[in-house]
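Student: next input, structure requested:
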Amino acid sequence: MPWKSFAILFLTVAYWSAPAIAEEADQSPVVSGRDEYVWNCAECHGQDGRGKGPLASALIKPPADLTQIAKHNLGVFPEEKVFEIISGAGDVMGHQSFQMPKFWERFQRSEGKRGYDPADVRIKAIIEHLKTLQEH
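Tutor: Sure, this is the predicted structure:
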């Protein structure tokens with residue numbers, strides 16, 4: 001391939017690739033499930049998930065010990081049920097509506113803003129972190 005043809009091909013590919021590269025650079029980073037948990041759950045459930053966070057004593061019903069989810073479900077972590085509870089789609093027995101935030105609504109308010117993932121991605125990340133806290 002002559003030098004001139006190669007240069008034209010290279011410049012053409014670079015021109016058409018530039019917008020895609022720029023778009024990739026603008027993608028928000030995925031925040032870890034641990035960070036989402038610390039920012040949104042630990043104030044009530046505690047860093048370790050045992051329900052002893054700094055706000056726990058101010059609540060009417062003590063926060064759940066999240067390390068026991070699988071144990072209370074015959075050793076199986078019920079992802080769908082946990083998703084419903086975190087999102088606010090499922091009721092939490094004994095919780096008043098103001099005690100357990102509906103994180104789906106909370107997270108949706110920040111969707112589309114730089115640095116924030118969609119609500120379902122954030123909730124699933126929290127669930128993945130909760131799985132690591134389970135005691136067997």
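
Student: phi and psi next, for the spatially most central residue of the chain.
Tutor: Central residue of the chain (CA atoms, centre = their mean): residue 122, 2.1 Å from the mean position. Backbone geometry at residue 122, expressed as degrees, to the nearest 10, gives phi -70, psi -40.

Student: ok, it to residue 106 distance?
Tutor: With distances taken as CB to CB, to the nearest Å, residue 122 is found 9 Å from residue 106. Quick note: C-beta positions are derived from backbone N, CA and C, even for glycine.

Student: what is the helix or strand harbouring residue 120 packed up against?
Tutor: Element membership of residue 120, judged by DSSP states H and E, is helix 119-133. Helices and strands touching helix 119-133, as assessed by 3 or more CB pairs under 8 Å, 6 or more residues apart in numbering; DSSP states H and E, comprise helix 33-40, helix 79-87, helix 103-108.

Student: so how far is it off the chain centroid?
Tutor: Using CA atoms, centre = their mean, to the nearest Å, the distance from the centre of helix 119-133 to the centre of the chain it belongs to is 5 Å.

Student: mind saving the C-alpha coords of that helix as CSV?
Tutor: Provided in CSV are the C-alpha atoms of helix 119-133 (Å, rounded to 0.1, in the frame of the first residue of the first chain):
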residue,chain,number,x,y,z
ALA,A,119,-31.0,2.8,39.8
ASP,A,120,-31.2,-0.9,39.1
VAL,A,121,-27.4,-1.1,38.6
ARG,A,122,-26.8,0.6,41.9
ILE,A,123,-29.2,-1.7,43.8
LYS,A,124,-27.7,-4.8,42.2
ALA,A,125,-24.3,-3.6,43.3
ILE,A,126,-25.5,-3.3,46.9
ILE,A,127,-27.0,-6.8,46.6
GLU,A,128,-23.6,-8.2,45.4
HIS,A,129,-22.0,-6.6,48.5
LEU,A,130,-24.6,-8.0,50.8
LYS,A,131,-23.8,-11.4,49.5
THR,A,132,-20.2,-11.0,50.8
LEU,A,133,-21.5,-10.1,54.3
